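Asks: Sequence plus predicted model, see below.
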Amino acid sequence: MKVPRIPAVMLTMMGLFQAVAALGTLVPSFIDDRVRQQFIPVWKFLVRPIYGDVPNESVVRALAYLSQVVIGASEVVITIALLGAAFLPHRRQPWANFGLGFSAVLFGAFMTTMFAVDDPNLPRWTMYLAVLTWIGVTWLVVALTDRRPDARSDGL
């Protein structure tokens, strides 16, 4: 039996993490109802410049549910890319670049939003630093260990 390489293991773990995150986002009964606990408070904050202190509840709920779908779908796409990178070594670099880059953007947006909202009832923005570090370390390991001399010059 061939032992998997470190990048494959790291990408698999990151892909499984994203799969659990997607499940938690798209299936409210799996973990917590993120729409009620996170998305609605965040959107109340974000629409305050437009609606003032009393936001339109139907608009806030619609934006919260839209966020749930967009974030959940993004996490599914990231999961597919990272697991594809883990299990398809000949396509690892481009799939990992896409999945890890998309993941970094998503978690960076989460961190920035939580920093701006600064609500003690929401996740602290500092928790995303650990996830972003994990993404960066995984990206670095994949980039440094999966360079092949036979790789084409166009990066594919």
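Replies: Nice, thanks for sending it over. All values derive from a computational prediction rather than experimental measurement. Numbering: from 1, shown residues only.
Asks: Kindly list the longest helix within the chain.
Replies: Of all segments of type helix in the chain, defined using DSSP state H, the longest is helix 57-87.
Asks: Now do the very next helix or strand once past it and helix 57-87, the angle between them.
Replies: Sequence-wise, the next helix or strand downstream of helix 57-87 (DSSP states H and E) is helix 92-117. Angle between the axes of helix 92-117 and helix 57-87 is 150 degrees (criterion: axes from the mean of the first three to the mean of the last three Cα atoms, to 10 degrees).
Asks: elements contacting the longest helix of the chain?
Replies: helix 6-26, helix 40-46, helix 92-117 (3 or more Cβ pairs under 8 Å, 6 or more residues apart in numbering; DSSP states H and E). For the C-beta atoms, the positions are set from N, CA and C on the backbone; glycine is no exception.
Asks: Report the buried residues of that helix.
Replies: Buried residues in helix 57-87, defined by neighbour count with 16 or more other Cβ atoms under 10 Å: 60, 63-64, 67-68, 71-72, 74-86.
Asks: any idea of the angle it forms with helix 6-26?
Replies: Using the same axes, to 10 degrees, helix 57-87 lies at 160 degrees relative to helix 6-26.
Asks: and helix 57-87, how far from the chain's centre?
Replies: 8 Å (Cα atoms, centre = their mean, to the nearest Å).
Asks: Export the helices and strands packed on helix 57-87 as TSV, with columns for mean neighbour count, distance to residue 55 and mean pLDDT.
Replies: Formatted as TSV, the helices and strands packed on helix 57-87 follow (neighbours: other Cβ atoms under 10 Å; distance: least, Cβ to Cβ, whole Å; pLDDT from 0 to 100):
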stretch	mean neighbour count	distance to residue 55	mean pLDDT
helix 6-26	19	22	94
helix 40-46	19	5	91
helix 92-117	18	14	94
